[in-house]
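S.K.: whatever this is, show me its structure:
(one chain, ligands or ions: 2)
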Amino acid sequence: MNRIKTDLLIIGAGSGGLSVAAGAAQMGADVVLLEGHKMGGDCLNYGCVPSKALIATGKVAYGQRHSEQFGVANGTGDVDYAAAKDHVADVIAQIAPVDSQERFEGFGVNVIREFGRFISKDEVQAGDTIIKARRIVIATGSSPLVPPIPGLDKTPHETNETLFELREKPDHLLIIGGGPIGMEMAQAHIRMGCQVTVIEGSKALAKDDPETAAIVLQSLKDEGVEIAEGAEAAEINGDVGAIKVKTKDGRLFKGSHLLVAVGRKTNTDKLDLEKAGIEPTKNGIKVDASLRTTNRKVYAIGDVAGGMQFTHVAGYHAGVVIRSLMFAIPSKAKAAHIPWATYTDPELSQVGLTEAQAKDEHGDRVEVVRFHYNHNDRAIAERKTKGLIKVMVVKGRPVGVSIVGYQAGELINLWALALANNMKMSQIAGMVAPYPTIGEVNKRAAGAYFSPRLFESDLVKTVVRLVQRFIP
Ligand SMILES: Cc1cc2nc3c(=O)[nH]c(=O)nc-3n(C[C@H](O)[C@H](O)[C@H](O)COP(=O)(O)OP(=O)(O)OC[C@H]3O[C@@H](n4cnc5c(N)ncnc54)[C@H](O)[C@@H]3O)c2cc1C
Ligand SMILES: NC(=O)c1ccc[n+]([C@@H]2O[C@H](COP(=O)([O-])OP(=O)(O)OC[C@H]3O[C@@H](n4cnc5c(N)ncnc54)[C@H](O)[C@@H]3O)[C@@H](O)[C@H]2O)c1
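M.R.: Ligands and ions are numbered 1, 2, ... in the order given. Take a look at the predicted model:
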């Protein structure tokens, strides 16, 4: 057995672990990084990157079929499903060097390609190496949840870990789960020429604002996706080509392939957490505001910390623990300013409170201002007029923003900055945005907050009349 000592041990080389490793090593710490499977974790190999690459294929195919409105003859938009998967693999391959073992070794990180498990409060065994560390960061992420629905274990099915390697085009893809994975993949597949049915136990895209989510759901239905809500999968059987899903309320869905996308299970089973005195929760590892576990030498970040499960959250967590670990500066993770986006067409994004949450929290003090894409000149030129922005405002400051429409994932960046810095609506309204950009939607939403105050105020009218009378 090899024995090594280090300042910092990181378990898991996904979005969170790699960010901590890169930062800490480049700042001079002695770092050991463990990865039992693929460098880059879920995001690069089974998550964000392949899903967005497949969405891009769908977008091109859809664009070909709908080009006439621009004066360009419609094309057939035929998709070679296997070739689309080659495109996905090529996109992953282009990004992979950034997350590679070689790059991290170049920073001076000792990368060990083994799963790690605790053997004491400050020791982890990985293969035939025992690492004793002054501080440890658990960044082991999550895996697809495959629930114990009767028959599922005997029925061939895809998850996000297998879908991007499937080369045979599904005639009819059944998707259990109408969350972001389900809806992004539903649209990508209908655009690639598959028939698609989403079987959702409660409400699709339920974590988002219902008004903006409804616009996405209607768009998917208009493209031909069948979305069954209140349809909890209860019994599954069949084989590739003939899969059947029965729901609790007796509905029967038939398809050729099945994708299970019903949420995530955090990766803690290999860790032997109890050996280190680390308390788990129902969905992850118990952490305090500084992401410290019940063992004061150990932190948990990213998906395994059991909060919002996004790559940018794992990256943000990495920054929080680096401050504590490298400089001993007390640092807390907050969630109120964290945005998210779902990359359907139209896109859906959110930061801060939804309208319902804002009204719960602030009552009558909330004002909701809206601006619709069909008043944005660039959106008209691009024929992307479907969508709106809603800003929830309390005492002149935004407390939440929901956007649905073209580039909603880009537009939310400004509001993430505004919420993180407690900015005022007047600062957004005062920004000069280049014309014609989709980004003017943001400025016009802020303007919509002030319009009634300026244009419907008797006081303003009286003052203006008075001033006009006295101006020479
Ligand atoms: C289909 C899909 C699409 C997504 N799209 C987006 C998106 O568009 N935007 C977004 O922000 N997020 C998206 N996500 C979420 C995002 O992928 C995750 O939030 C992110 O990868 C979490 O990072 P992490 O570092 O916590 O974990 P991971 O990236 O999962 O990394 C954890 C790593 O730890 C390793 N590991 C586990 N146990 C051990 C052990 N005991 N020892 C050593 N190594 C171990 C694993 O092999 C893995 O490599 C998507 C997820 C999915 C599934
Ligand atoms: N664009 C993005 O940032 C992006 C994209 C994909 C995934 N993700 C991340 O991955 C996480 C997981 O995504 P997800 O879509 O798997 O999970 P999710 O938890 O968001 O959605 C799962 C859905 O499955 C439904 N469900 C559960 N059991 C069911 C059953 N038996 N029958 C029918 N429906 C059932 C739930 O009601 C829920 O709506 C997301 O929460 C997000 O954090 C992010």
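S.K.: tell me the domain ranges of the chain?
M.R.: Using the TED database, the domains assigned to the chain come out as 2-144+265-327, 145-262, 339-458.
S.K.: out of those, the one nearest ligand 1 is which?
M.R.: domain 2-144+265-327 (1.9 Å; Cβ to the nearest ligand atom). Quick note: C-beta positions are derived from backbone N, CA and C, even for glycine.
S.K.: any bit of that closest one sitting next to ligand 1?
M.R.: Yes. Using Cβ under 6 Å from any ligand atom, domain 2-144+265-327 reaches ligand 1 at 11-17, 34-38, 41-43, 46-48, 51, 115-116, 139-141, 267, 270-271, 302-304, 309-312, 314.
S.K.: and for stretch 409-422?
M.R.: No. Using Cβ under 6 Å from any ligand atom, stretch 409-422 stays clear of ligand 1, with a minimum separation of 8.6 Å.
S.K.: show me the contact partners of that stretch.
M.R.: 336-339, 341, 343, 347, 349-352, 389, 391, 397-401, 403, 405, 423, 427-428, 438-439, 441-442 (Cβ atoms under 8 Å, 6 or more residues apart in numbering).
S.K.: looking at this structure, what residue ends up closest to ligand 2?
M.R.: Nearest residue of the chain to ligand 2, counting by Cβ to the nearest ligand atom: residue 179, 2.1 Å away.
S.K.: which bits of the stretch 101-250 of the chain sit near ligand 2?
M.R.: Checking the stretch 101-250 of the chain against ligand 2 by Cβ under 6 Å from any ligand atom, the hits are 147, 149, 176-182, 184, 199-202, 206, 232-233.
S.K.: narrow the residues you listed to those in strands?
M.R.: 176, 199, 233 (DSSP state E).
S.K.: hmm, residue 149 and the second one touching each other?
M.R.: I take that to be residue 199. No. Using Cβ atoms under 8 Å, residue 199 is not in contact with residue 149, being 10.8 Å away.
S.K.: which of those two has more neighbours?
M.R.: Set side by side, residue 199 and residue 149 show more neighbours around residue 199, with 25 against 18, by other Cβ atoms under 10 Å.
S.K.: nearest to residue 106 among the ones in strands among the residues of the stretch 101-250 of the chain next to ligand 2?
M.R.: residue 176 (42.5 Å; Cβ to Cβ).
S.K.: run a quick neighbour tally on the closest one.
M.R.: Neighbour tally, residue 176, other Cβ under 10 Å: 26.
S.K.: and residue 366, what does it touch?
M.R.: Contacts of residue 366 (Cβ under 8 Å, 6+ apart): 355, 358-359, 392-394, 399.
S.K.: go again using 6 Å as the cut-off
M.R.: 358-359, 392, 394 (Cβ atoms under 6 Å, 6 or more residues apart in numbering).
S.K.: on that earlier part again, what touches both of residue 199 and residue 149?
M.R.: In contact with both residue 199 and residue 149: residue 233, using Cβ under 6 Å, 6+ apart.
S.K.: which non-adjacent residue is nearest the residue most central in space within the chain?
M.R.: Ranked by distance to the mean C-alpha position of the chain (Cα atoms, centre = their mean), the top residue is residue 310 at 4.6 Å. Once flanking residues are discounted, residue 310 sits nearest to residue 340: 5.7 Å by Cβ to Cβ, 6 or more residues apart in numbering.
S.K.: need the pLDDT of the one you found.
M.R.: pLDDT, residue 340: 98.
S.K.: dihedrals phi and psi, it?
M.R.: The phi/psi pair for residue 340 (degrees, to the nearest 10) reads phi -150, psi 160.
S.K.: what's the burial count for it?
M.R.: 19.
S.K.: what bridges to it?
M.R.: residue 350 (DSSP bridges).
S.K.: circling back: give me the buried entries from the contacts of residue 366.
M.R.: 358, 392, 394 (16 or more other Cβ atoms under 10 Å).
S.K.: just curious, which of those is nearest to residue 57?
M.R.: The closest of the buried ones among the contacts of residue 366, once distances to residue 57 are taken by Cβ to Cβ, is residue 392, at 35.5 Å.
S.K.: that closest one and residue 358, how far apart?
M.R.: 4 Å (Cβ to Cβ, to the nearest Å).
S.K.: likewise residue 215?
M.R.: Distance check for residue 215 against residue 358: by Cβ to Cβ, it reads 19 Å.
S.K.: A helix includes residue 269, no?
M.R.: No. When DSSP: H, G, I helix; E, B strand; the rest coil is applied, residue 269 is found to be coil, with no helix at that position.
S.K.: quick one: the strands in the stretch 51-200 of the chain?
M.R.: Listed in chain order, the strands of the stretch 51-200 of the chain (DSSP state E, counting those that start in this stretch) span 110-112, 116-120, 123-126, 129-138, 142-144, 172-176, 195-199.
S.K.: now the stretch 251-400 of the chain
M.R.: Counting by DSSP E, counting those that start in this stretch, the strands of the stretch 251-400 of the chain are 252-255, 257-260, 264-266, 280-281, 284-285, 298-300, 340-342, 347-352, 366-372, 387-394, 397-405.
S.K.: could you count how many residues lie near residue 418?
M.R.: When neighbours are counted by other Cβ under 10 Å, residue 418 comes out with 23.
S.K.: quick one: which helix or strand includes it?
M.R.: helix 408-420 (DSSP states H and E).
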